[in-house]
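Asker: sharing a model prediction with you, sequence too.
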Amino acid sequence: RAVGEILEMGAVSSREKEKEYFGFITSESERLSRLIDNVLDFSRISANKKKYNIRPGDLRGTISRTVETFREYSGPEGFDIICRLDDNLPSLSIDEDAVSQALINLLSNAVKFSREEKLIRVDLHRREDEVLLCVTDRGIGIARENLDRIFEKFYQSGSDRKSTRLNSSHIPLSRMPSSA
């Protein structure tokens, strides 16, 4: 808002600074739109009303683009994201936006709950008849006694945990026929 008010008052020293401010407003507007879309999507998912656009897609490309975009977001936080993507993936039908959103949520949690060791690994690989997307970080993790509650609406594990341990999310993205 403040940047918009500065522009509105004409208190900008140069055309370059004005362009920079307009770029900032645009990127923040896009970020807020994505945030609103996420909230609406989560609401639809909770109500089992989310519609997916599943079609043949480029999972490897989707993951790669999402990680690159997220690097821009996490860069100022000092995070190093290592991304390993298997070249030997089968053709899959996916909702690229939903996959990207799920990965952004996992990466955001990794940033949010990692304290000192700022390393995140993203691995996409084939294992027998599955394609797995694994996001691994060194954040606080989830206590074993809370694992059965992670899908409860609005549940968040206690933030009083001090230990840092390997925390990994593995998402099976597809079960393929054994002949694939």
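Answerer: That came in fine, so what should we check first?
Asker: which residues are in contact with V3?
Answerer: Taking CB atoms under 8 Å, 6 or more residues apart in numbering as the criterion, V3 is in contact with Y21, F24, I25. C-betas here are computed from N, CA, C, even on glycine.
Asker: in helices, which of those fall?
Answerer: Members of these lying in helices (criterion: DSSP state H): Y21, F24, I25.
Asker: mind checking which helix or strand the spatially most central residue of the chain is in?
Answerer: What sits nearest the mean C-alpha location of the chain, by CA atoms, centre = their mean, is I104, with 0.6 Å. Assigned by DSSP states H and E, I104 falls within helix 96-113.
Asker: who touches that helix?
Answerer: Against helix 96-113 from outside (CB under 8 Å, 6+ apart): 38, 41, 52-53, 57-59, 62-63, 65-67, 70, 74, 77, 79, 81, 120, 122, 133, 135, 137, 139-141, 167, 169, 171, 173.
Asker: of those residues, which belong to helices?
Answerer: Per DSSP H, the contacts of helix 96-113 map to helices at N38, D41, L59, T62, I63, R65, T66, V67, F70, S74.
Asker: if any of those residues are buried, give me the PyMOL selection for them.
Answerer: Buried residues among the ones in helices among the contacts of helix 96-113 (16 or more other CB atoms under 10 Å), as a PyMOL selection:
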select buried, resi 59+62+63+66+67+70+74
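Asker: from the ones in helices among the contacts of helix 96-113, pick the one nearest D95.
Answerer: When the ones in helices among the contacts of helix 96-113 are ranked by distance to D95 (CB to CB), T62 comes first, at 9.6 Å.
Asker: hang on, isn't that closest one packed against L89?
Answerer: No. Assessed by CB atoms under 8 Å, T62 is found out of contact with L89, at 11.2 Å.
Asker: ok, D58 to C83 distance?
Answerer: Distance from D58 to C83, counting by CB to CB, to the nearest Å: 15 Å.
Asker: and for G141?
Answerer: In terms of CB to CB, G141 sits 21 Å off from C83.
Asker: equivalent analysis for F151, please.
Answerer: 27 Å.
Asker: compare those two (neighbour count), which wins?
Answerer: C83 (16 against 7; other CB atoms under 10 Å).
Asker: and that one, that one's in a strand?
Answerer: Yes. Under DSSP: H, G, I helix; E, B strand; the rest coil, C83 sits within a strand.
Asker: bridging residues for it?
Answerer: Beta-bridge partners for C83, by DSSP bridges, are V122.
Asker: was I right about it contacting V122?
Answerer: Yes. Using CB under 8 Å, C83 is in contact with V122, at 4.6 Å.
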